[in-house]
Every structure is written in structure tokens, then in C-alpha cells.
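S.K.: Just need the structure, nothing else, for what follows:
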Amino acid sequence: MMNNSVNTNGGALLGQKFLRSNAMEMSIVQNRLSSGLRVNSVTDDASTFAVAASMRGDSKSYTAIAASLAGSKICATVAIQAGETMSKRLEDVKAKIVQLADDSLSTASRSTYQVDLNSMVLEINRYLTQSGYNGTNLLGSGGTNVLVVANIDASAFTLRAQNIADLSGAVLGNITNSTTARDALSVLAIFKGNLDTGLANLGAYLKRLEA
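M.R.: Down below sits the predicted model:
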């Protein structure tokens, strides 16, 4: 009677087991390399995946907020730089008005000084109207407030437009003697006070944005 037996190659089965294990580990490593993530799915580590998913969502929100804050910061910075330039130019305007206050000026000299003064006033008003960024002007008249979202809980604060009116050319444009010069200096002082207040407010907003 013939006795049949089946021989099992234990070494081959063990090799297959290690080969499958290596293939699985290789797949995990490849997923980590391609995604840059240690945990790619709930099957890797359920609790860690849940925490990571929440953190990734927050991270994207913070990135969006950072972009919004950067745009608002630029808007405030442009307005401040324009205001500071105007403030320095106002010193020249004041000096020119003082020159025009001299009653002994000849007609030709007064006319020359007045032309210079009118040019300075136009320059200042141009800075005021062009101190905006991306369609938003926080300094000049007709500006609009900007609502800034500052956190992922949607908390926000407002950048308020200063709405500074143009430097009036009516009084400054017709200085004929010391009396009209004093009137012009009064107009200039009011404008300078409004500008200083506006710059102080915008400076405070900018510090808050940076914080």
C-alpha cells in the first residue's frame, strides 16, 4: 500500500509572511512621504487622526486670517505714510502764509508766493485723496470703515475711516494782507489738528493689527 504525504515548506511560508509585512510597511512609508503626514487615515491612528484633522482646519483658518490682517495692515500703513508726508508739507504751507502776511509785499512777489501756496495746497489734497489701498481710503473724506476678522472664532474689530476733509482753498487761495493771512493760519490749524488726530487713531489701529 502506497503512503502519500505532502511536505510543507516552512521556510517559504515564513518568507511570504515577512514579504507581506514588508509590503504593508513600505506602503505606509510611501503614504507618509507623499503626504508629509505621519497619520494619513483613521486606520493609522484613529484618535491622532481626529486631533490632526481639527488642527489642520484651524491652521487653514489662521492662514486666511493672517492674509486678511496683512491687507488691513497695508491699508493703514499707506494712510499713515500719506498723512506723515502731508504733516511735513504743512510746515512749508505755514511758512508761505507767514510770508504772505507781510503787508509791504509788492504785487508781483505776492502773486508768486500765492502761486506757490496754491500748488502746495493742491499737493496736500492730492495726497489725501490718494492715500487709499485696494479701493479703501482710511484717511480722506468719503472713506469707509474696515471690519477686520482677528481670530478663528470670528471675533473682529473695526478700522474707522478718519474722513478728513480737503484743506480749504477758498481762504488760503486769496491772502492779500496780514488779516487774511491770520484767517488762513486758523484754517490751517484746524486741518492740522484733524490730521494729527487721524494719524493718532490710525497708529493705534496699526499697533493692534501688528499685535
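S.K.: Doesn't residue 127 lie inside a strand?
M.R.: No - applying DSSP: H, G, I helix; E, B strand; the rest coil, one finds residue 127 to be helix, outside a strand.
S.K.: what number of residues lie near it?
M.R.: The burial metric for residue 127, expressed as a neighbour count using other Cβ atoms under 10 Å, is 18. Using the backbone N, CA and C atoms, a C-beta is placed for each residue, glycine as well.
S.K.: Residue 75 too?
M.R.: Neighbours of residue 75 using other Cβ under 10 Å come to 25.
S.K.: what helix or strand is it on?
M.R.: Using DSSP states H and E, the element containing residue 75 is helix 46-100.
S.K.: isn't residue 74 right up against residue 133?
M.R.: Yes - between residue 74 and residue 133 a contact is recorded at 5.5 Å, counting by Cβ atoms under 8 Å.
S.K.: Give me the more crowded residue out of those two.
M.R.: Residue environment comparison for residue 74 versus residue 133 gives the larger neighbour count to residue 133, 17 against 14, counting by other Cβ under 10 Å.
S.K.: phi, psi of that one?
M.R.: Geometry field for residue 133 lists phi and psi as phi -140, psi 130, criterion degrees, to the nearest 10.
S.K.: Identify the bridge partners of it.
M.R.: The residues paired with residue 133 through beta bridges, assigned by DSSP bridges, are residue 136.
S.K.: same for the helix holding residue 75, what does it pack against?
M.R.: helix 107-129, strand 146-149, strand 156-159, helix 178-210 (3 or more Cβ pairs under 8 Å, 6 or more residues apart in numbering; DSSP states H and E).
S.K.: between the longest one and helix 107-129, how big is the angle?
M.R.: Just to be clear, that refers to helix 178-210. Following axes from the mean of the first three to the mean of the last three Cα atoms, to 10 degrees, one obtains 20 degrees for the angle between helix 178-210 and helix 107-129.
S.K.: now helix 178-210 against helix 46-100, angle please.
M.R.: Angle of helix 178-210 versus helix 46-100, following the same axes, to 10 degrees, is 170 degrees.
S.K.: For helix 178-210, which helices and strands make contact with it?
M.R.: Contact analysis of helix 178-210 by 3+ Cβ pairs under 8 Å, 6+ apart lists helix 46-100, strand 156-159, helix 169-172 as its packing neighbours.
S.K.: Tabulate those (a markdown table), appending distance to residue 182 and mean pLDDT.
M.R.: Putting the helices and strands packed on helix 178-210 into a markdown table (distance: least, Cβ to Cβ, whole Å; pLDDT from 0 to 100) gives the following:
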| stretch | distance to residue 182 | mean pLDDT |
| --- | --- | --- |
| helix 46-100 | 9 | 82 |
| strand 156-159 | 37 | 87 |
| helix 169-172 | 10 | 83 |
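S.K.: Quick check: which of those is nearest to residue 181?
M.R.: helix 46-100 (5.4 Å; Cβ to Cβ).
S.K.: how about the residue positioned nearest the centre of the chain, what does it touch?
M.R.: For the chain, residue 73 is the residue whose C-alpha lies nearest the centre (Cα atoms, centre = their mean; 2.3 Å). When contacts are counted by Cβ atoms under 8 Å, 6 or more residues apart in numbering, residue 73 touches 206, 209-210.
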